[in-house]
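1. curious how this folds, go ahead:
(2 chains)
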Amino acid sequence: MPSTDLHILAASGPRDAVELSGVRRVFGERAVLDGIDLTIRRGEFIAVLGPSGTGKTTLLRLLAGLDKADGGRLLVPKTRSVVFQEPRLIPARRVWENVVLGRRGAQARREAAAALEEVGLGAHVDAWPRTLSGGEAQRVALARALVREPGLLLLDEPFAALDALTRIRMHDLVLQLWRRHHPAVVLVTHDVDEAILLADRVLALSNGSWGLDERVEIKSPRDRSDPAFAALRGRLLAELGVRPTIAPLQ
Amino acid sequence: MTDIAANAPGLQARSAPAVSGDRPRDGGRFALVDLSPIAGSASRFGHLAQWRGRALRVGVPLLILLAWQLSSWLGLVAPEVLPPPTAIYAAFVELIVHGDLQEALPVSLTRSLVGLAIGGTAGLLLGLFAGLWRTGEEIFDAPLQMLRTIPFIALVPLFIVWFGIDEFAKIVVITAATIFPMYLNTYAGVRGVDPKLIEAARTFDLSRSQTILHVILPVALPSVLVGLRYAAGVSLLALVVAEQINAHSGLGYILNVANMNQRSDIIIVGILVYAALGITTDLVMRALERLALPWRPNIALD
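-> Reported below is the predicted structural model:
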């Protein structure tokens, strides 16, 4: 489905990009997802929070089609892209070939170059992946995800392995790209600040079902020093069972 | 804040003796060791080491040659047993002048290349088949792993019974020897591709053939080329063995004739030519790897 279509539909009415109902995924005895419902509107940015082992990544893999559910109904856009925690670039292919993986030719190269330009890597079109820094490689992964104009963009802790300064820049870049391409986004993270900073809606899994589903009403651009930000963070952490002992920096 | 306090001269002057006074055993804990580079010394030492290294690399083989030559001149070794380097050089010139070597080399090279081409292709295809398809692995891997434990030299008598002593038998020996290094490395290369890359390709809707073409094969290529390099080396080894079987032409023929005439000088020339072929093959293969794998860090072109 072309993205412009998506954009118009998303703007014109509450059409949904993702519809899950009663989704189950069982590993052995344990139901990691025990009848999950989830509706994501077109162009909506949601963050799924929670510590490791709560089923965040399982949910993302189901949405990506990399794993099969044991029950329930899943409706997702046909075009989906994933950015993983590691860039997962093909070392034997140049950066632009990685972006349009599977395609060749001048047209593909032009599209790749444009996508790389968008993530600020216009100068690295012909570079080999190994010559990139961690942040640059992850930007290539973003370009590769967006060049397909996905209806659903899945981000699996994409900034977890980056240094703090690079992460801040990546947050801005992701917001910028999201506003331009307007896919529905599912960001899996365990960074509460990151979730509040980026998402329209923050959810958390606990014992196989939603323990938390909260809309982030803070106006953009969001600022960590905003009292509303701090209040929401405190509330989310409390609901996740974490009691902050050190006052946040003002 | 703490940095500034520690650097304040007044504070240091007061606290330093106090610390050493309180805990005399720690007195040496803050003693300074000079690690700053001394201008020029490192590079001068580096130069010296480099030159010494080069001198030894060239000098030691030359010394061995000299000792070899001297032992012959002094009559310590009979020239029929071990002819001196000068005699070997003379034999080499003799072979060139008569045109024997020029005639033999293409024959031998063709044998080894044909065998390598057949065996290498078979090993590559089997390796891809077993690496990419589970069925292929189930069919081929166990028998090939069993067969590869047989030293190919042990098969030569059997091949003579089966295929005779003509050109065909020689090619079969070389083919049999080159299949395995190619198979093993191709198989390992394909299996060694990070499954995370394949998974990423899946999320981008690449078909199976696209994934093989754009992800698996390029990433497995270094291993395939290592297999090719080994196979090329083995093909020369197999050539030497194969040419012991009733050769009417080629390097093996020269060696056979020299053997019958008790010409150890010519035999040594033949051995050295085999060695030169081995070195050349290795150089060619390395150059090929450099060209085919520009993305590899250790052999980067840029």
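
2. residues contacting residue A:209?
-> Listed by C-beta atoms under 8 Å, 6 or more residues apart in numbering or on different chains, the contact set of residue A:209 reads A:33-36. C-beta: built from backbone N, CA, C; applies to glycine.

3. return the residues of the stretch 101-250 of chain B in contact with chain A.
-> Taking C-beta under 8 Å from any C-beta of the partner chain as the criterion, the stretch 101-250 of chain B approaches chain A at residues B:194, B:196-197, B:199-206, B:210, B:214-215, B:218-219, B:221.

4. buried among those residues? Make that a PyMOL selection.
-> To isolate the buried members of these in PyMOL, using 16 or more other C-beta atoms under 10 Å in any protein chain shown:
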select buried, chain B and resi 197+199+200+201+202+203+204+206+214+215+218+219+221
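
5. so of the residues of the stretch 101-250 of chain B next to chain A, which ones are in strands?
-> Among those, none falls in strands (DSSP state E).

6. and the contacts of residue A:209 near chain B, which?
-> Within the contacts of residue A:209, nothing lies near chain B by C-beta under 8 Å from any C-beta.

7. quick check: which element contains residue 237?
-> Picked chain A for this. Using DSSP states H and E, residue A:237 falls within helix A:227-239.

8. actually it's chain B I care about, not the one you picked
-> Short version, using DSSP H and E: residue B:237 is in helix B:217-242.

9. check residue A:185 too.
-> strand A:184-188.

10. which secondary structure elements does that strand contact?
-> Judged by 3 or more C-beta pairs under 8 Å, 6 or more residues apart in numbering or on different chains; DSSP states H and E, strand A:184-188 is in contact with strand A:16-27, strand A:30-41, strand A:45-49, helix A:56-64, strand A:152-156, helix A:192-198.

11. run the last query once more with 6 Å
-> Here strand A:184-188 touches strand A:45-49, strand A:152-156, going by 3 or more C-beta pairs under 6 Å, 6 or more residues apart in numbering or on different chains; DSSP states H and E.

12. now do it, average pLDDT.
-> Strand A:184-188 shows an average pLDDT of 96 in the prediction.

13. okay, now the sheet partners of it, with direction.
-> Strand A:184-188 pairs in its sheet with strand A:45-49 (parallel), strand A:152-156 (parallel), by DSSP bridges.

14. OK, contacts around residue 196?
-> Using chain A here. Applying C-beta atoms under 6 Å, 6 or more residues apart in numbering or on different chains to residue A:196 gives the contacts A:216, A:232.

15. wrong chain, I was asking about chain B
-> residue A:88.

16. again, 7 Å this time
-> Applying C-beta atoms under 7 Å, 6 or more residues apart in numbering or on different chains to residue B:196 gives the contacts A:86, A:88.

17. tell me the pLDDT at it?
-> Here, the pLDDT recorded for residue B:196 equals 95.

18. ok so, going back, okay, the helices and strands packed on strand A:184-188 in a markdown table with mean neighbour count and mean pLDDT next?
-> Shown next, in a markdown table, are the helices and strands packed on strand A:184-188 (neighbours: other C-beta atoms under 10 Å in any protein chain shown; pLDDT from 0 to 100):
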| stretch | mean neighbour count | mean pLDDT |
| --- | --- | --- |
| strand A:45-49 | 26 | 95 |
| strand A:152-156 | 25 | 95 |
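
19. for chain B, give me its nearest residue in chain A.
-> Closest residue of chain A to chain B, C-beta to the nearest C-beta: residue A:92 (3.5 Å).

20. now for the residue lying closest to that residue once chain neighbours are set aside: which residues touch it?
-> Using C-beta to C-beta, 6 or more residues apart in numbering or on different chains and skipping the chain neighbours, the partner closest in space to residue A:92 is residue B:218 (3.5 Å). Shown in contact with residue B:218 (C-beta under 7 Å, 6+ apart): A:90, A:92-93.

21. out of the residues you listed, who's the most crowded?
-> Among the contacts of residue B:218, the one with the most neighbours (other C-beta atoms under 10 Å in any protein chain shown) is residue A:92, at 23 neighbours.

22. need the three-state assignment for that one.
-> coil (DSSP: H, G, I helix; E, B strand; the rest coil).

23. any idea how far it lies from residue B:213?
-> For residue A:92, the distance to residue B:213 equals 12 Å [C-beta to C-beta, to the nearest Å].
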